[in-house]
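Trainee: Build me a model from this:
(one chain, ligands or ions: 2)
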Amino acid sequence: IPHAGPPPRPRVLAIANQKGGVGKTTTAINLGTALAATGEEVLVIDLDPQGNASTGLGIDHKSREVSTYDVLAGGATLREIVRPTAVPRLAIAPSTLDLAGLELEIGQERDRSFRLREAITALNADPTEPPYTYVLVDCPPSLNLLTINAMAAADAILVPLQCEFFALEGLSQLLKTVEQVRSALNPALTIHGIVLTMYDARNNLSGQVVEDVRAFMGEKVYDTVIPRNVRVSEAPSYGKPVLVYDLKCAGSEAYLRLATEVIQREKALVRPLAG
Ligand code: ADP
Ligand code: MG
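Mentor: Ligands and ions are numbered 1, 2, ... in the order given. The predicted structure is shown next:
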């Protein structure tokens with residue numbers, strides 16, 4: 001008999017960077033898939049009005065009747081909007097363009113920054129459903145109220161950085177925002193790690209960026225670097241994670257290694273998942 005008490009809380013990682021096109025959505029989909037493959041119960045929450053994580057996991061726009069908009073606007077619970085994917089143990093809370101108007105609608109409410117946190121607190125309340133152990137929040141390319149909701153709900157932030165000349169530009173702004181959220185909204189918030197994406201071994205600049213970012217951020221940078229890989233960019237148009245589209249490609253192997261590292265860092269941290 002399950003004993004009473006607060007429902008088990010999943011580990012919540014917000015995948016954030018206010019730059020677009022750095023690999024947030026790709027990382028949410030494929031890290032989520034890799035974690036599910038290791039036996040975790042994973043929910044990806046799509047918090048970008050563009051809805052690329054939802055599309056990339058096979059949920060087409062027309063079929064999205066309820067979405068993360070309804071959750072943040074107070075009209076639905078997460079469990080009510082969650083959809084299964086083709087990957088066992090991986091679910092998606094899809095988004096719609098409605099989300100773009102949310103800030104205007106709830107921007108004056110006192111609890112505006114905690115809508116997602118509240119929703120995640122209730123996520124595992126039903127003891128007859130298997131509890132989610134990981135929630136990955138795919139953030140929009142902006143430091144807006146949606147990203148603040150993700151940071152206020154998260155245990156930690158995972159930052160994808162593209163291996164390009166301006167990789168570090170914008171990182172200090174992001175870190176400053178994390179600092180503000182920590183002091184005002186979520187004292188336990190940490191940086192889980194920084195993952196370098198779209199690494200091109202034939203390009204000297206890529207190697208230089210890896211060196212610079214490691215020099216600047218030290219141990220926060222994961223050992224795993226995600227290579228630029230055409231299979232990774234093809235997979236979303238099939239509505240599949242690259243791990244399903246082509247398990248053996250370099251991109252899939254990299255995301256599997258990243259999942260291993262994420263789990264290792266989790267083990268090194270506190271909190272067993274228990275009620
Ligand atoms: P963001 O969510 O930060 O805007 P995306 O994950 O959507 O970024 O990635 C931006 C573009 O780069 C997409 O077209 C995606 O398919 C592509 N992409 C991301 N990671 C890789 C990779 N490792 N190799 C090749 N293309 C990639
Ligand atoms: Mg995205």
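Trainee: Residue of the stretch 101-250 of the chain nearest ligand 2, please.
Mentor: Nearest to ligand 2 in the stretch 101-250 of the chain, going by C-beta to the ion, is residue 138, at a distance of 6.1 Å. The way it works is simple: take the backbone N, C-alpha and C, and place the C-beta from them, glycine included.
Trainee: ok, that residue touching residue 53?
Mentor: Yes: using C-beta atoms under 8 Å, residue 138 is in contact with residue 53, at 4.3 Å.
Trainee: Between those two, which contacts overlap?
Mentor: Shared contacts of residue 138 and residue 53 (C-beta atoms under 8 Å, 6 or more residues apart in numbering): 25, 28-29, 44, 46.
Trainee: Quick one: those as a markdown table, columns for pLDDT and neighbour count too.
Mentor: Conversion of these to a markdown table gives the following (pLDDT from 0 to 100; neighbours: other C-beta atoms under 10 Å):
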| residue | pLDDT | neighbour count |
| --- | --- | --- |
| 25 | 98 | 28 |
| 28 | 98 | 31 |
| 29 | 98 | 34 |
| 44 | 98 | 30 |
| 46 | 98 | 32 |
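Trainee: rewinding a little: pull the contacting residues for the closest residue in space to the residue of the stretch 101-250 of the chain closest to ligand 2 that isn't next to it in sequence.
Mentor: Leaving aside its chain neighbours, residue 138 sits nearest to residue 28 (3.9 Å; criterion: C-beta to C-beta, 6 or more residues apart in numbering). Going by C-beta under 8 Å, 6+ apart, residue 28 touches 15, 44, 53, 136-138.
Trainee: And for residue 85?
Mentor: Residue 85 touches 57-59, 91-92, counting by C-beta under 8 Å, 6+ apart.
Trainee: Ok, residue 71 next?
Mentor: Residue 71 neighbours (C-beta under 8 Å, 6+ apart): 77-78, 81, 93, 115-116, 119.
Trainee: can we see that at 10 Å?
Mentor: 45, 47, 77-82, 93, 95, 99, 115-116, 118-120, 122 (C-beta atoms under 10 Å, 6 or more residues apart in numbering).
Trainee: Now list the buried members of those residues.
Mentor: For the contacts of residue 71, a burial check counting by 16 or more other C-beta atoms under 10 Å picks out 45, 47, 77-79, 81-82, 93, 95, 99, 115-116, 118-120.
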